[in-house]
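Undergrad: what's the 3D shape of this:
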Amino acid sequence: MPCARALFAGHQLRCTRQRLAIYESLRQCTTHPTAEELYRLVRPGAGRLSLATVYNTLEALCDAGLCRRLLATHGCCRYDADTSDHLHLRFRDSGEIRDVPADLGLRLLDGLPQPVVEEIERRLGVRIDGINIQLLASAIDRG
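TA: Residues are numbered from 1 along each chain as shown. As a prediction, the model looks like this:
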């Protein structure tokens, strides 16, 4: 994966120490954090960092296509630096989001009937250039 400095330059984003810390932490994070969670994660090593800076940085990263905002059904938005097509599993009770293992996600996407996708395009007069699937789950008590 390219270094953050090169990505920022390629997307005409100003490269500050705080932006680098936020983006690198988000890239390494697998929990799809909220802005507040990311702030708590980054703050100890980032010196003078405000929550507003985290929100502004996340907005700039989303606008540049370097991360995506995952809208919440309840609570705060969560963020993901993995902008590739992949599936998410969202827990109804906590709002936590996890990535579906890539091999299983690909099997599900590959199983979508192409004629149905083409009919959706035809009937709605659109061109589908990506598919975003979110699975909703409830935790199972295995105790």
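Undergrad: now do the strands in this protein.
TA: Assigned by DSSP state E, the strands in the chain fall at 68-70, 78-80, 88-91, 97-99, 134-137.
Undergrad: my guess is Tyr39 meets Thr57, correct?
TA: No - the criterion here is C-beta atoms under 8 Å, and Tyr39 misses it with Thr57 at 10.1 Å. Every residue, glycine included, has its C-beta placed from N, CA and C.
Undergrad: how far away is Arg98 from Phe8?
TA: Here Arg98 is placed at a distance of 28 Å from Phe8 (C-beta to C-beta, to the nearest Å).
Undergrad: hmm, back to that, which among the strands of the chain is found nearest to Leu51?
TA: With C-beta to C-beta as the criterion, Leu51 lies closest to strand 78-80 of the strands of the chain, at 13.8 Å.
Undergrad: partners of that closest one, with directions?
TA: Counting by DSSP bridges, the strands paired with strand 78-80 are strand 68-70 (antiparallel).
Undergrad: the more surrounded of Tyr39 and Thr57?
TA: Set side by side, Tyr39 and Thr57 show unequal neighbour counts under other C-beta atoms under 10 Å, the larger going to Thr57 at 24 against 21.
Undergrad: can you give the domain ranges for this protein?
TA: In the assignment given by automatic domain parsing, the structural domains of the chain cover 1-82, 84-143.
Undergrad: now the ones you listed in JSON lines, with mean pLDDT?
TA: Below are these laid out as JSON lines (pLDDT from 0 to 100):
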{"stretch": "domain 1-82", "mean pLDDT": "88"}
{"stretch": "domain 84-143", "mean pLDDT": "87"}
